[in-house]
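Peer 1: give me a 3D structure for the following:
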Amino acid sequence: MRIALFEPDIPQNAGTILRLAACLGAEAHIIEPAGFPVTDRAFRRAGMDYLDQVSIQRHASWDDFETWRRRDGGRLVLFTTRGSDSYLNHAFRGDDVLLFGRESAGVPDAVHAAADARLVIPIRPGLRSLNVAMACAMALGEAMRQTRVA
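Peer 2: Numbers count the residues shown, from 1 in each chain. This is a model prediction of the structure:
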């Protein structure tokens, strides 16, 4: 299972997600440019010493990421407030790439259109969204439960 962060804005959220990836054995991809320097130091506060335990691949741009993904063959599963299908009803596969957008703006329309699936985490009406690290934990947990990844 892979997690991808599209141009993340907040280093603490990215660090928390990298720590999650380390603990659960998921590969992490960061699609740049980020809203902060993509260095161990920027992630260290939230990721702590777990950063040595996660496989992180950096992509200089969306196009670079898409080149990698086409070569790799994984399905792109976008988590978005604009999604129409609940993540709880989606059949995940072990080669999926779970994509999460910028905290401030999500993903642009071209990235939205490139996704093989656009999923939403249902929340109460009138509320905007969950924290991206929380959403990532929920999504990865469900994907791993379904694919029986330990």
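
Peer 1: can you give me the strands for this structure?
Peer 2: Counting by DSSP state E, the chain has strands at residues 2-6, 27-31, 56-59, 76-79, 85-86, 97-100, 117-120.

Peer 1: now those in TSV, with mean pLDDT, mean neighbour count and distance to Leu18?
Peer 2: C-beta here means a position set from N, CA and C on the backbone, and glycine is covered the same way. Output for the strands of the chain, formatted as TSV (pLDDT from 0 to 100; neighbours: other Cβ atoms under 10 Å; distance: least, Cβ to Cβ, whole Å):
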stretch	mean pLDDT	mean neighbour count	distance to Leu18
strand 2-6	98	23	9
strand 27-31	96	21	6
strand 56-59	94	15	7
strand 76-79	98	23	17
strand 85-86	96	11	26
strand 97-100	98	25	12
strand 117-120	97	20	22
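
Peer 1: what about the longest helix in this protein?
Peer 2: helix 132-147 (DSSP state H).

Peer 1: that one - what's its average pLDDT?
Peer 2: Mean per-residue pLDDT for helix 132-147: 97.

Peer 1: run the angle between it and strand 2-6 for me.
Peer 2: Orientation check (axes from the mean of the first three to the mean of the last three Cα atoms, to 10 degrees): helix 132-147 against strand 2-6 gives 150 degrees.

Peer 1: for helix 132-147, buried residues please.
Peer 2: Of the residues in helix 132-147, Val132, Ala133, Ala135, Cys136, Ala137, Ala139, Leu140, Glu142, Ala143, Met144 count as buried by neighbour count, 16 or more other Cβ atoms under 10 Å.

Peer 1: can you tell me how far the residue nearest to Gly83 when sequence neighbours are not counted is from Leu88?
Peer 2: Distance criterion Cβ to Cβ, 6 or more residues apart in numbering; nearest residue to Gly83, sequence neighbours excluded, is Val120 at 3.5 Å. Using Cβ to Cβ, to the nearest Å, Val120 is found at 10 Å from Leu88.
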